[in-house]
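> Sharing a model prediction with you, sequence too.
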Amino acid sequence: MGEHIVEVPAPAPHVLMIPVPAQSHVNSMLNLAEILCVAGDINITFLVSKNIHDGLLLHANVESRFSNYRGFRLLCLPDGIYEGKIITTDDVAKLNDSFKSVAEPFLREVLLSLKSNWTKTKSPFTTIIADGVMSFAIDAAEEMSVPIFYFRPVSASAFWAYFSLPQLIENGEIPFSGDDDMDVAITNVKGMEGFLRRRDLPSFCRSGIRSPDFEMILTETAQTPRANGLILNTFEDLEGPILSQIRTFCPNLYTIGPLHAHLKSRMAAVNPNSSMNSSSNSLQEEDRSCIEWLDKQPSRSVLYVSFGSVTVLKKEQLLEFWKGLVNSGVKFLWVIRPDLVTGKNCDEHNKKSPADELETATKERGYMVGWAPQKEVLAHPAVGGFWTHSGWNSTLESVVEGVPMICWPYFGDQQINSRFVGEVWKIGLDMKDTCDKVIVEQMIKDLMVDRKDDFLKKAEEIAKLARKSIGSDDGSSFCNLDQPTRLLVACTS
Ligand code: UDX
């Protein structure tokens, strides 16, 4: 009798995912985790700090959402990072340091214990996917011979500007001070000559010194080529020329975005009747009453105003914005997070908070919530514009829905995103570095009234490209997802 050769299927890959413990980083990486779960047989351990862990269970419904995927588990770091729910921009470098001090030894311990138990039946971590500012994960991965992919939740353009910081320093273009002429052209970010100015560079370049944020981004970004691959939440038709620049240093670059829309379409393909094909990764409770309000508004009449999860405004800035909004005569839905305004309790003479004033004066045309179901808001037919801080998630969510933007970037990558929106993609107006109520009023009228049709047309053209990129008929992001997935599987053998 001939010998039967029984093929034992390779065990499913087991990926350890480590996001930076902040809303938008967790948001994008959780989308990536879910997309990998939908796309194939995979085990994922998602490592988060305690505050994120609790927020995800409470508001993002993670337990029941991921119960469909048998290989997914949420792993909580043994120590809490920033028990307070929301971090501010000042905390970013500190957060990174404290996360590192907790996560680094934990990661080594976990990798080591699993490595010593490495058998065919057990499923050790076969790959790590870490946020691209965690070079400690690369060190640990190299030591244990586990392949590692980097994931950056920012635009390719922002990443490329970060990667170009050494050239900018070498040529004396940075750092500069906020008092210098901010319209001076920047020439040492390849592919952006001709439209990049000082004011469009990441905000930490303007402090006049090399701040801790600056140093952290500089040193961490320079480590990227050490990773086995780089995954970006963008798509080829949006940032092609910049992606070509990045590929000269990081050839294994996979663009699989816009992740939230890509995930939604893959879920719909697997289960067309599922009510869960729009995942919310919100760490805060969403006020859904604004959807009912939007239902009553005419098509494309409302300006949605939201500055993301960490931006803060001074009371004077908020009042200028409010006056500009009201004077424009345009209807608006405004997200006023409880911690949006700094120092609001300092004014002893005015016991009324700016939010109260706003509420009183804008009853006719405005609606305010503390936290909105943003993706749903942007998809609503009543929304005709988005006044945003140009965080990358918000930008992509607007791009996908064909909603033109007014950009008021606050920090980090937002300065560069807003330049691309206004000058390169031409799907909005860049309001950076001003809070003047007259300019606010003019820009809102320009976007929502005077050139409304032109902006909507251009935004729809780019939205079509976004939808094409995630389409199963040869969409670039759809096809690109196969490559890291194949590599993840290859890492198991
Ligand atoms: C931060 C940085 O600011 C951003 O520039 C960087 O690209 C990522 O990290 P954040 O400020 O929170 O993120 O902005 P953004 O990336 O736009 O993410 C905000 C997320 O919160 C979006 O997914 C948005 O849909 C969600 N959101 C915001 C809500 O769900 N409801 C809201 O009311 C406001």
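It's in. Numbering: from 1, shown residues only.
> Check which helices and strands whichever helix or strand D482 is part of sits against.
Secondary structure from DSSP states H and E places D482 in helix 476-490. In this structure, helix 476-490 makes packing contacts with helix 23-39, strand 229-232, helix 236-247, strand 253-255, helix 259-270, helix 452-469, judged by 3 or more CB pairs under 8 Å, 6 or more residues apart in numbering; DSSP states H and E. No exception for glycine: its C-beta is placed from N, CA and C like everyone else's.
> Count residues in the vicinity of the residue in the chain that the ligand sits nearest to, would you?
Distances between the chain and the ligand by CB to the nearest ligand atom are smallest at G391, namely 2.3 Å. G391 has 27 neighbouring residues, counting by other CB atoms under 10 Å.
> Give me the phi and psi for it.
When quoted as degrees, to the nearest 10, the phi and psi of G391 stand at phi -60, psi 150.
> Can you name the next helix or strand after the helix or strand bottoming out on mean pLDDT in the chain?
Across the helices and strands of the chain, mean confidence by mean pLDDT, DSSP states H and E is lowest for helix 354-361: a mean of 62. Moving toward the C-terminus from helix 354-361, the next helix or strand (DSSP H and E) is strand 366-369.
> List the buried residues of the following helix or strand past that following strand.
Once the chain leaves strand 366-369, the next helix or strand it forms, by DSSP H and E, is helix 374-379. Residues 374-378 are the ones in helix 374-379 that count as buried (16 or more other CB atoms under 10 Å).
> Tell me if the very next helix or strand once past helix 374-379 is near the ligand.
Proceeding N to C from helix 374-379, the next assigned helix or strand is strand 383-388, under DSSP H and E. No. For strand 383-388, no contact with the ligand is found by CB under 6 Å from any ligand atom; the gap never falls below 7.2 Å.
> Now do strand 383-388 against helix 452-469, angle only.
Strand 383-388 and helix 452-469 are oriented at 80 degrees to each other (axes from the mean of the first three to the mean of the last three CA atoms, to 10 degrees).
> which helices and strands does strand 383-388 pack with?
By 3+ CB pairs under 8 Å, 6+ apart, strand 383-388 packs against strand 302-306, helix 392-401, strand 405-407, helix 452-469.
> Now these in TSV, please, with extra columns for mean neighbour count.
Formatted as TSV, these follow (neighbours: other CB atoms under 10 Å):
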stretch	mean neighbour count
strand 302-306	25
helix 392-401	25
strand 405-407	26
helix 452-469	17
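> okay if I get those as a markdown table plus mean pLDDT?
Shown next, in a markdown table, are the helices and strands packed on strand 383-388 (pLDDT from 0 to 100):
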| stretch | mean pLDDT |
| --- | --- |
| strand 302-306 | 98 |
| helix 392-401 | 97 |
| strand 405-407 | 98 |
| helix 452-469 | 98 |
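> Ok, which of the ones you listed comes nearest K50?
helix 392-401 (23.0 Å; CB to CB).
> got the angle between that closest one and strand 383-388?
Interaxial angle of helix 392-401 relative to strand 383-388 (the same axes, to 10 degrees): 160 degrees.
> just for this structure, where's the confidence low?
Within the chain, the ranges that satisfy pLDDT under 70 run 1-10, 78-96, 112-123, 273-283, 343-361, 484, 487, 489-493.
> Close to the ligand: what parts of it are there?
For the chain, the contact set with the ligand under CB under 6 Å from any ligand atom comprises 23-24, 27, 153-154, 282, 306, 308-311, 335, 371-372, 374-375, 391-394, 397, 412-414.
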